[in-house]
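In: With the input below, show me the fold.
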Amino acid sequence: MFRRVPVTVPFARRPPGVTIAAMTSPQPAETPTRKRSAQTATLAEIAREAGVSAPTVSKVLNGRADVAPSTRSRVEELLRAHGYRRRRAESTRSPLIDLVFHELESAWAMEVIRGVENVARDTGLSVVLSESAGRLTPGRTWADQVAARRPHGVILVLSGLDESQRALLTSRSIPFVVMDPAGDPGADVPSIGATNWQGGLAATRHLVDLGHTRIGAISGPTRMMCSRARIDGYRAALETAGLPVDPDLIVTGDFHHEAGYRQGLELLRRPDRPTAVFAGNDLQALGLYEAARELGLRIPQDLSVVGFDDLPVARWVGPPLTTVRQPLMEMAEAAARLVLDLGRDEGSSTATRVELATSLEVRSSTAPPREG
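Out: Down below sits the predicted model:
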């Protein structure tokens with residue numbers, strides 16, 4: 001189930017203006033009104049006309065999430081035809097931006113929080129944090145709680161919305177943006193991402209230019225678009241250089257240190273081990289560091305390593321990690337600006353998809369392969 005993050009936060013310092021969502025009684029939903037005319041009908045009459053129950057009509061009128069999208073659309077059309085309207089004044093919105101994480105404990109969560117908070121602070125808003133407990137979409141009750149809260153907008157990080165949640169937020173004029181979407185968010189969903197394919201290409205091309213010909217890869221979860229894009233960039237760099245793509249040198253794990261360690265051992269214990277490895281993110285790269293040390297391999301003398309993200313820890317480890325910088329704070333700022341822009345123009349239905357450029361940060365974890 002969707003869970004609220006407890007008030008104790010896993011960060012040393014919480015950015016000003018950031019609130020951790022706690023379980024509270026939702027504020028009353030905005031009151032629907034009806035324009036009097038000769039065409040008015042009771043909810044029971046509308047229910048009969050729509051072929052649904054009166055409670056279902058009431059749910060649609062009050063913005064509840066637990067209604068099928070096709071039913072919601074049919075009932076809303078009849079409500080409009082009979083003069084029912086929902087009050088949608090800007091003043092009814094709470095001075096909040098809802099920020100939803102796939103995993104709040106992720107190493108780069110603080111960069112995203114800072115980016116959203118930068119924009120929120122400039123516009124007099126606060127940020128409410130919650131997480132989907134590792135699920136790709138928030139739980140069933142989440143959309144009802146957001147609809148009751150009526151924030152200025154919702155930003156979902158490595159997460160998404162199912163069809164009923166999207167329909168509910170849209171019906172309540174609550175704009176939403178997906179940042180770094182895990183799957184395909186749909187052509188009509190605004191999203192902010194990074195050039196993951198280009199980043200994978202640049203990382204692998206750097207290793208090729210150093211003279212490596214046996215280059216392994218540790219990929220992230222295949223269900224995530226960013227993982228697939230990064231590994232596709234890796235393949236493209238090898239193919240462009242005329243090097244074979246050896247499936248035995250590509251292993252898959254989640255985006256955590258432990259996966260980098262386990263998958264790193266698998267790669268490095270091969271008799272024909274790679275001389276360089278492109279890791280799907282910095283945490284995997286740090287796990288690979290540990291695997292190399294356990295096997296007596298030196299970085300970069302015996303093994304070159306490239307990561308992805310450019311977390312602060314990438315500059316602190318020994319040796320400092322060559323990595324692809326993903327502009328997380330800038331992505332978060334762009335997502336916050338976009339969701340507020342969408343809220344100011346409720347009539348706009350044009351979806352926006354933006355990818356910010358990645359860049360290679362060359363440090364001390366890569367070098368030409370040893371001769372012989």
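
In: I'd like to know which helix or strand in this structure has the lowest mean pLDDT.
Out: Within the chain, no helix or strand scores below strand 32-34, which has a mean of 50 by mean pLDDT, DSSP states H and E.

In: Please enumerate residues in contact with the helix or strand just after that strand?
Out: Going down the chain from strand 32-34, the next helix or strand is helix 43-50, by DSSP states H and E. Residues from elsewhere that reach helix 43-50 (CB atoms under 8 Å, 6 or more residues apart in numbering): 41, 53-54, 56-58, 61, 71, 74-75, 78-79, 82. The C-beta positions use only the backbone N, C-alpha and C, and glycine is treated the same way.

In: can you rerun that using 7 Å?
Out: Applying CB atoms under 7 Å, 6 or more residues apart in numbering, the contact partners of helix 43-50 are 53, 54, 56, 57, 58, 74, 75, 78, 79, 82.

In: which of those count as buried?
Out: 56, 57, 74, 75, 78, 79, 82 (16 or more other CB atoms under 10 Å).

In: now, the most widely separated pair of those residues?
Out: Within these, 56 and 82 form the most distant pair, 15.5 Å apart (CB to CB).

In: list the buried ones in stretch 193-210?
Out: Buried positions in stretch 193-210, judged by neighbour count with 16+ other CB under 10 Å: 193-208, 210.

In: Give me the subset of these that lies in helices.
Out: Within the buried residues of stretch 193-210, residues falling in helices by DSSP state H are 196-208.

In: What is the nearest of the residues you listed to residue 237?
Out: For those, the residue nearest residue 237 by CB to CB is residue 204; the value is 3.6 Å.

In: Please identify the helix or strand for the closest residue in space to that closest one that isn't next to it in sequence.
Out: Leaving aside its sequence neighbours, residue 204 sits nearest to residue 237 (CB to CB, 6 or more residues apart in numbering; 3.6 Å). Using DSSP H and E, residue 237 sits in helix 225-240.

In: same check, this time on residue 217
Out: For residue 217, the host element (DSSP H and E) is strand 215-219.

In: Domains in this protein, by residue range?
Out: Following the TED database, the chain resolves into domains at 43-82, 96-194+330-356, 196-325.

In: If you average pLDDT over each of these, which is lowest?
Out: Mean pLDDT is lowest for domain 43-82 among the domains of the chain, at a mean of 78.

In: If we go by neighbour counts, what in that domain is buried?
Out: Burial within domain 43-82, assessed by neighbour count using 16+ other CB under 10 Å, is assigned to 43, 46-47, 50, 52, 56-57, 59-65, 67, 71-72, 74-76, 78-79, 82.
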